[in-house]
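Asks: fold the following.
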Amino acid sequence: MTSLFFYTIIGLMIFGFILDQLLDYLNTKGWKLEIPPLLKEVYPVEKYQKTILYEKANYRFGLVQSSLSVVGMLAFLILGGFGWVDALVQQFTASVILRALLFFGILALVSDLIATPFSVWDTFVIEQKFGFNTTTVKTFILDKLKGLLLMALIGGGLLSLIVYIYTVTGNWFWVFVWGSVSGFSIFMAMFYSDLIVPLFNKQTPLEHGPLRDAIEAFADKVGFKIKNIYVIDGSKRSNKANAYFTGLGSRKRIVLYDTLIKEHSIEELVAVLAHEVGHYKHRHTLKGIISGLLQAGLMFYILSLFIEKDSQIALAISQAIAGNQLDTPASFHLGIIAFSVLYSPVSMITGLVSNWFSRKHEYEADKFAAENYGAEHLQNALIKLSANNLSNLNPHPWYVFVHYSHPPLVKRLEALGKLK
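Replies: Next up is the predicted model:
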């Protein structure tokens, strides 16, 4: 059984890599195409040419990074790297919780050290070359340190809780963990902007003036009560623009990137905000949270079947992830690593379903904005956003199906055109 799990894990890793590379390759077919007819009169040719160069640079970089990553992971697995780290942490403590913390802490630190050079190249070479990067070396380093600290505090805290629940409960382990993680997820959905975002970005209330007046007038028109309209200093790291809706109930807020305000007219900004209000009116945020919680429940239930105490399956999985080492005892943390790979077919299916619903929600939010403010303003905003962010105008349909949480620009413009 151990060998079966071992080769299944290897097979899934290789299959996932090949599938990603095939989709990425199919997506390169769009480089040979011209600007879509719908955009020929309104999309800057120089921006489109720059987009192709940006896509090529990211494709080559992604190919090198993912190839090295999968080769390194396979070598680490086959040579028994996970088993070696497991044996190392066993020498320091007999506590199941501390072993898990040390095990994942070592892996996370090593993984981050390996990933950092790629992150540096992506930020200071590719993004810099195409005029996006505004991150300083100081900000980059501070972001890294803050990220590691948050991972240690929040990730370590959640991991400790999960392992503790595992040690004191029986077959209902997954229910208690699901409830705990769900509670934490809802808490973060409500307070993320207050607790986490300020560690990285400055958020300031949108000043009174023509823009805020226009937003509040629209909100009153559609019966949307909003007091929390914030501007975030996205330009601190990138020239790319965005806007998002976050929070629940009285904690809801709309956040605009300063780069978005800089590049768009008041009408376009209100149209973008109308789109975000559309998400709220259609309860997309709530639906997304419920969907995420249900997926988490399924994941924890299946996980419980793989790490059941005194189970031959749990023992075989631990030995498989330790590099087919038959002398490795069953452990919670080795089971988690194996499960993360073995669960990938299920997560791919749930991801496809989630992306389909997400694209559907984007169309619904676009329709709300068009019907309540005007399709033309939103179309102009979307075109400008795409041009400024160098978004791919000709993504391959299969790539969109698997990876896109938002419909491609042309599809959104076509849908909006029918609402005029």
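Asks: what distance do you get for the closest residue to L248 other than its chain neighbours to L413?
Replies: Among residues not flanking L248 along the chain, M190 sits closest, at 5.3 Å (Cβ to Cβ, 6 or more residues apart in numbering). Backbone N, C-alpha and C define where each C-beta goes, glycine included. Taking Cβ to Cβ, to the nearest Å as the measure, M190 falls 34 Å from L413.
Asks: the residue nearest to L248 touches R251, doesn't it?
Replies: Yes - counting by Cβ atoms under 8 Å, M190 touches R251, with 4.6 Å between them.
Asks: pick out whichever of those two has more residues nearby.
Replies: M190 (17 against 14; other Cβ atoms under 10 Å).
Asks: just want the phi and psi numbers for that one.
Replies: Main-chain torsions, M190, degrees, to the nearest 10: phi -90, psi -40.
Asks: state the distance from it to Y25.
Replies: Counting by Cβ to Cβ - M190 and Y25 are separated by 42 Å.
Asks: what of K138?
Replies: With Cβ to Cβ as the criterion, K138 and Y25 are 38 Å apart.
Asks: between those two, who's got more neighbours?
Replies: Legend: neighbour count by other Cβ under 10 Å for K138 and Y25, higher for Y25 (13 against 8).
Asks: what does the pLDDT read for the more buried one?
Replies: Looking at Y25, its pLDDT is 95.
Asks: that's a strand at it, yeah?
Replies: No - if the criterion is DSSP: H, G, I helix; E, B strand; the rest coil, then Y25 is helix and not within a strand.
Asks: show me what contacts it?
Replies: For Y25, no contacting residues are found, by Cβ atoms under 8 Å, 6 or more residues apart in numbering.
Asks: just checking, next helix/strand downstream of the one helix or strand V341 maps to?
Replies: Taking DSSP states H and E as the definition, V341 sits inside helix 332-342. Counting by DSSP H and E, the next helix or strand C-terminal to helix 332-342 is helix 344-372.
Asks: for that next one, which residues meet the burial criterion?
Replies: For helix 344-372, burial by neighbour count (16 or more other Cβ atoms under 10 Å) applies to 344, 350, 354-355, 358-359, 361-370, 372.
Asks: where does the stretch 251-400 of the chain have low pLDDT?
Replies: 309-311, 324-330 (pLDDT under 70).
Asks: identify the residues contacting the strand or helix carrying T285?
Replies: Element membership of T285 [criterion: DSSP H and E] is helix 284-306. Residues outside helix 284-306 that contact it (Cβ under 8 Å, 6+ apart): 171, 173-174, 177-178, 181-182, 185-186, 189, 245-246, 248, 279, 313-314, 317, 335-336, 338-339, 342-343, 346-347, 350, 354, 357-358, 361, 364-365.
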